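Peer 1: Provided below for reference: sequence and predicted model.
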Amino acid sequence: MGGSSPCASCKLLRRRCAKDCIFAPYFPSDDPHKFAIVHKVFGASNVSKMLQELPVHQRPDAVSSLVYEANARVRDPVYGCVGAISYLQNQVSQLQMQLAVAQAEILGIQMQQEPAMPTQIEQDDKSFPLATNYNLDNISQSLNFASSSNVIQDPALKRESLWT
């Protein structure tokens with residue numbers, strides 16, 4: 001800043017703020033905690049080197065990221081941002097499971113509330129029986145070919161054989 005008020009980094013480091021101070025645009029004097037936490041975690045020299053290596057248009061995002069990461073590291077010294085990300089991923093997984101359970105319950109209720117379909121449809125004087133129960137257990141049992149009497153389990157080969 002070079003004028004009346006030094007930036008937060010120069011105040012904390014107790015040095016004169018030059019006109020070309022790399023910290024001045026990103027760490028204003030009215031928010032000293034922002035630089036203090038970044039300095040505590042990363043060090044002023046490292047932050048200065050990082051900012052100098054970046055193009056000017058990317059520096060605000062880098063500072064924002066450094067502040068977020070420094071805050072996360074202070075809250076959780078072991079895991080930092082990774083701890084927050086892991087927590088949020090677990091929360092998303094739990095919510096997805098709850099959503100799947102709720103959707104299954106809704107589907108079950110909807111299937112119970114459907115009107116019963118006629119058991120027979122007559123067409124050309126022939127009748128075709130239709131299933132009236134949508135119980136998935138009954139359907140899976142009727143399609144279970146492994147339980148038929150002509151299937152033999154071969155434990156040595158770990159496969160089913162159709163030989164009788």
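Peer 2: Received it, and whenever you're ready, just let me know what you need.

Peer 1: same for the lengthiest helix in the chain, what does it pack against?
Peer 2: For the chain, the helix with the greatest residue count under DSSP state H is helix 81-113. In terms of contacts (3 or more C-beta pairs under 8 Å, 6 or more residues apart in numbering; DSSP states H and E), helix 81-113 is packed against helix 59-75. Glycine gets a C-beta too; all of them are placed from N, C-alpha and C.

Peer 1: so what touches the helix it packs on?
Peer 2: 25-27, 34, 37-38, 40-42, 47, 50-51, 54, 80-81, 83-84 (C-beta atoms under 8 Å, 6 or more residues apart in numbering).

Peer 1: restricted to helices, list those residues.
Peer 2: Lys34, Ile37, Val38, Lys40, Val41, Phe42, Val47, Met50, Leu51, Cys81, Gly83, Ala84.

Peer 1: what sits against Ala8?
Peer 2: Ala8 touches Phe23, Phe27, Pro28, Ser29, Asp30, Asp31, Pro32, Lys34, Phe35, Ala36, counting by C-beta under 8 Å, 6+ apart.
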